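Q: give the three-dimensional model of this entry:
(chains A and B)
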2 protein chains.
Amino acid sequence: MIVLGVDPGLSLTGWGLVQTGSGDNVALLNYGCIKTKPSQKLGERLKEVHNCLRTVIQRYTPEILAIEELFFSKEARTVAAVCQARGVILLSAALENLPVCEYNPRHVKIALTGYGSADKNQIQQMVKTFLKLTEIPKPDDAADALAIAICHAHTSRSPLNIR
Amino acid sequence: MIVLGVDPGLSLTGWGLVQTGSGDNVALLNYGCIKTKPSQKLGERLKEVHNCLRTVIQRYTPEILAIEELFFSKEARTVAAVCQARGVILLSAALENLPVCEYNPRHVKIALTGYGSADKNQIQQMVKTFLKLTEIPKPDDAADALAIAICHAHTSRSPLNIR
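A: Numbering: from 1, shown residues only, chains lettered A, B, ... in the order given. Sure thing, here's the model as predicted:
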């Protein structure tokens, strides 16, 4: 199964693709980051997110898009920007008939580290370990997207046995 | 000039089309409401908003889409839902190369009633008057969308002489 993880944002949307294998094995397929400039019009920025993500979906034909659930602790203006990008990402998936699975941020941390309060670095180290990489993927948004993809790969295999 | 006003929402997105004439004259072309059900998946709801709005844009080929600026006083969950729909609406416009103009809610009130603290009923009465209708358009979301369209029609004609 190919899983596409996405970490939505207006300036930076991270994406990461993993292929599941036997057991908890996951292999990296590709990852990247969609960058848009604040100097562009909002509609153009959203179009860039949509077009780039659609290209990724069409090229790799993943079976599922995994994304974090919304949380509301951030500053309102940030939430608004993220949510506009998130709406476009969910639309891009729907237009390609790609199912979406949402994960609580705490669930992602537990799935990767076994610890619900793990910090960013611990998550990134586990992304590196699971994908047998020599370095942590950059930027952070791409590593976060891969973390969500790995979370889905593990959770969908053994939903009652989350690490 | 044909102006498309949009009042974004996840459950209800209102839209209204007006045609500008001489002076402050504006004529109603059409209006409606895109309804989506909470029982549908979020991506499907956003796809419905996108597809319906795209059909309206392609059918009437407006020259501008007018929409209210974001404001952040509402409950966070409502803001998140509205923003996801808003992102899709701005994307739909961008995909059709339709420019977008954003208006402060207070600006819309002043443009229609001359009074920045006008209530919903006063706005709706002015929508009815400007468009020479016998009744207030229903639902409220469609009337709000027509108010934004009328606001743009008047503001773009005489930006220094807002009523």
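Q: what does chain A have sitting close to chain B?
A: Taking C-beta under 8 Å from any C-beta of the partner chain as the contact definition, chain A meets chain B at A:41-44, A:46-47, A:50, A:70, A:72, A:76-77, A:79-80, A:83-88, A:90-91, A:93-95, A:100. Every residue, glycine included, has its C-beta placed from N, CA and C.
Q: looking at those, which are in helices?
A: With helices taken from DSSP state H, the overlap with these comprises A:42-44, A:46-47, A:50, A:76-77, A:79-80, A:83-88, A:90-91, A:93-95.
Q: list only buried entries from those residues.
A: A:42-43, A:46-47, A:50, A:76, A:79-80, A:83-88, A:90-91, A:93-95 (16 or more other C-beta atoms under 10 Å in any protein chain shown).
Q: what sits closest to A:Arg106 if chain neighbours are left out?
A: The shortest distance from A:Arg106 to any non-neighbouring residue, by C-beta to C-beta, 6 or more residues apart in numbering or on different chains, is to A:Gly116 (4.6 Å).
Q: check for me that that neighbour belongs to a strand.
A: No. A:Gly116 is assigned coil when assessed by DSSP: H, G, I helix; E, B strand; the rest coil, not a strand.
Q: for chain A, which segments count as strands?
A: For chain A, the strands defined by DSSP state E occupy A:2-7, A:12-20, A:26-35, A:64-68, A:100-103.
Q: and those, which is most packed in?
A: strand A:2-7 (a mean of 26; mean count of other C-beta atoms under 10 Å in any protein chain shown).
Q: contacts for stretch A:6-13, please.
A: Applying C-beta atoms under 8 Å, 6 or more residues apart in numbering or on different chains, the set of residues contacting stretch A:6-13 from outside is A:14-15, A:33-38, A:42, A:45-46, A:49, A:52-53, A:65-68, A:81-82, A:84-86, A:89, A:139, A:141-142, A:144-145, A:148.
Q: for that stretch, C-alpha coordinates in CSV please.
A: Only the C-alpha atoms of stretch A:6-13 are listed here, as CSV (Å, rounded to 0.1, in the frame of the first residue of the first chain):
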residue,chain,number,x,y,z
VAL,A,6,0.4,15.7,4.1
ASP,A,7,1.2,18.5,6.6
PRO,A,8,-0.9,21.4,5.4
GLY,A,9,0.2,25.1,5.4
LEU,A,10,-0.2,28.1,3.1
SER,A,11,3.5,29.0,2.9
LEU,A,12,4.7,25.4,3.2
THR,A,13,2.8,22.2,2.6
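Q: any low-confidence regions in chain A?
A: A:72-74, A:158-163 (pLDDT under 70).
Q: swap the cut-off to 80 and go again
A: For chain A, residues meeting the criterion pLDDT under 80 lie at A:23-24, A:71-78, A:157-163.
Q: which residue lies farthest from the center of it?
A: A:Ser39 (25.3 Å; C-alpha atoms, centre = their mean).
Q: relative to chain B, how far out is that residue?
A: As for A:Ser39, its distance to chain B is 15 Å (criterion: C-beta to the nearest C-beta, to the nearest Å).
Q: wait, doesn't the residue nearest to A:Arg106 sit right on A:Asn104?
A: No. Using C-beta atoms under 8 Å, A:Gly116 makes no contact with A:Asn104, being 9.4 Å away.
Q: show me the contacts for A:Val49.
A: Residues near A:Val49 by C-beta under 8 Å, 6+ apart: A:10, A:13, A:34, A:36, A:85, A:88-89, A:92.
Q: so which of those comes closest to chain B?
A: Nearest to chain B among these is A:Val88, at 4.8 Å by C-beta to the nearest C-beta.
Q: hmm, B:Arg86 and the closest one touching each other?
A: No. Judged on C-beta under 8 Å, A:Val88 makes no contact with B:Arg86 at a distance of 10.0 Å.
Q: the strands of chain A into TSV, with extra columns for distance to B:Asp24?
A: Written out in TSV, the entries for the strands of chain A read as follows (distance: least, C-beta to C-beta, whole Å):
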stretch	distance to B:Asp24
strand A:2-7	47
strand A:12-20	43
strand A:26-35	43
strand A:64-68	46
strand A:100-103	46
